[in-house]
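**Q** predicted model follows, preceded by the sequence.
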Amino acid sequence: MAVGSILLFDELPEGSAFSLPTTDRGLLLAFASALGLAGLGTQGVYVSKQGSDTSGDGSFFRPFLTIQRALTSITDASSSKPYVVYVGPGTFTEPFGLTPWVTVSGAGRFATTLAPVQANWIAAAFAAAGVQKAALEHFTLGASLVADFAAISAAGTTSLLLQDVFVDGATSPAMTFTGASANSRVFLQNIEASLTFVSTFFIFNNINSVANAIFVNGAYVYNGNDLYLTQHHLSGSIGNGPTVTSTATTAANRLFLTVGQDCLIASSPSITGIFASLQGPMRIRRVGPDAAAEFSFAGSVVAPSVGSIPLIMGGDNLIFANNSADRVYSIGRPTFNGTRIRVKNQSPFNIDFTFLGAAGTTGDASYIGPFGYIEMWLSDGTWMVDNPVQTGTTQLAAGLSPFIPADIFTVGAGVGPGNIQATLATFSGAQGNIVAKVSDRVVGTRAGGGGFRLTSIDPLTGATVATDTGVYDWMAKRP
């Protein structure tokens, strides 16, 4: 059977000028199948466990023994003349340095294993200016892979592609990529690790990345600093929560990671640094500090303050507060609609909210009371804030309560007794009907002076029950 215009070995006509012993045809056919016949029409160099670095010439019939020997033999690779080094089945432990415009292609992810133990898989040839690209594909990774463009001072636009790779969990290898400039990039496609692999898997240091169809049981680690902006995109993948860390001090040099909706992230991510930006439909759990705090988003309308707590844009941010006094939480304004924040107050104190970048909605709740809960989500650039029931406890004196700070949005229509209610907690002296008179209500937020006063009223005379000094639990709801 012919493939294109190429005859398979068993189809060689009898008496042709090319003859091949019948006993060798099966071996060569298996080798050709593993490598792929498409390579016969490209600039190809061949490597085999049956090859030789001394008598081989890198041809299909006389392959080299090692990958490095194949790479050394290539002296004219360029964007217009790329090469493929075809590596046959087997395990290759000899070190090699990947050179520009060369693809190292295994015989298949379960046929070829690359396991060199070396400090850098990138050769010094990548230091040249201009566009430099290379690729690794179709193999099992049996040792940690390190691609460090900074170590060889890469000056140009450098790109590395890894695709169709299986990671042997028994050896616990990792992949570490380090960039030399904002023009350093790595592209990952169809990478799978065995289920026994549970440690950190990908480490990206100051390098841009695009990853798709990644199936690992390990973690993704993204690191950035103040050298330049780095951007990452993860899609169609499975793994543990990413760790995003940036020491950048300016928004221009922030680290930006986008996680697609088609990703399944098993654990909560970690974000460290005010310009460590994470965007995606993930959930993160934060413990609010026992102090005034700012919760920010890298790339916010208002630049985050030093020491602010980064959250996920487009994600579900759950904050638990255990405060020892009333606190103020300042909320940044992200640029991604659909961002959600939920705050659970686990203390007997209040938490007031301020919204940075004029992102608050007039009339929405401005605080949560003791042991309260609140939700907010960004829509059209504005925080839409849920309005929880406000609760508290107060004691009357001469039938009147002290002024109770609270969010009060109207004193006109809809201010019936159902909006502010009180129930007796501890009887003292007498008891009347407890009401919040319209004249005792001040419209405004709790922090802005809003609130009300309760009065004990005699239901027969309408007079204040001056002997009522009881303790009352109160509840206020938005009309």
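**A** Yep, it's here. Numbering: from 1, shown residues only.

**Q** roughly how far apart are Thr66 and Val102?
**A** 14 Å (Cβ to Cβ, to the nearest Å). Heads up, the C-betas are built off the backbone N, CA and C, glycines and all.

**Q** ok, now Phe427?
**A** Distance from Phe427 to Val102, by Cβ to Cβ: 88 Å.

**Q** out of the two, which sits in the busier spot?
**A** Per other Cβ atoms under 10 Å, whichever of Phe427 and Val102 has more neighbours is Val102, with 23 against 11.

**Q** residues touching the nearest residue to the more buried one once chain neighbours are set aside, list them.
**A** Among residues not flanking Val102 along the chain, Tyr83 sits closest, at 4.8 Å (Cβ to Cβ, 6 or more residues apart in numbering). Applying Cβ atoms under 8 Å, 6 or more residues apart in numbering, one finds that Tyr83 lies in contact with 42-45, 74, 77, 101-103.

**Q** for these, which one is nearest Ala180?
**A** Nearest to Ala180, judged by Cβ to Cβ, of the contacts of Tyr83 is Trp101 at 17.9 Å.

**Q** burial of that closest one, as a residue count?
**A** Quick note: Trp101 (other Cβ under 10 Å) scores 20 neighbours.

**Q** ok, the nearest residue to it once chain neighbours are set aside - contacts?
**A** Residue nearest to Trp101 in three dimensions, not counting chain neighbours: Ala77, with 4.0 Å by Cβ to Cβ, 6+ apart. The contact partners of Ala77, by Cβ under 8 Å, 6+ apart, come to 43, 83, 99-102.

**Q** can you check Tyr220 too?
**A** 201-202, 204, 234, 239-240, 242-243.

**Q** which SSE is Ser159 in?
**A** Per DSSP states H and E, Ser159 falls inside strand 157-167.

**Q** which stretches of the stretch 351-479 of the chain have low pLDDT?
**A** Counting by pLDDT under 70, the stretch 351-479 of the chain contains low-confidence residues at 358-364, 410-418, 478-479.

**Q** and for the stretch 1-150 of the chain?
**A** Along the stretch 1-150 of the chain, the parts satisfying pLDDT under 70 run over 1-42.

**Q** ok, now with 50
**A** Within the stretch 1-150 of the chain, the stretches with pLDDT under 50 are 1-41.

**Q** which residues in it form strands?
**A** Along the stretch 1-150 of the chain, counting by DSSP state E, counting those that start in this stretch, strands occupy 2-3, 6-7, 44-47, 83-87, 90-92, 102-105, 112-114, 131-141, 145-148.

**Q** in JSON lines, list those along with distance to Phe371.
**A** Formatted as JSON lines, these follow (distance: least, Cβ to Cβ, whole Å):
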{"stretch": "strand 2-3", "distance to Phe371": "73"}
{"stretch": "strand 6-7", "distance to Phe371": "76"}
{"stretch": "strand 44-47", "distance to Phe371": "67"}
{"stretch": "strand 83-87", "distance to Phe371": "63"}
{"stretch": "strand 90-92", "distance to Phe371": "61"}
{"stretch": "strand 102-105", "distance to Phe371": "60"}
{"stretch": "strand 112-114", "distance to Phe371": "57"}
{"stretch": "strand 131-141", "distance to Phe371": "51"}
{"stretch": "strand 145-148", "distance to Phe371": "50"}
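
**Q** out of those strands, nearest to Arg340?
**A** Among the strands of the stretch 1-150 of the chain, strand 145-148 sits nearest to Arg340 (Cβ to Cβ), with 36.6 Å.
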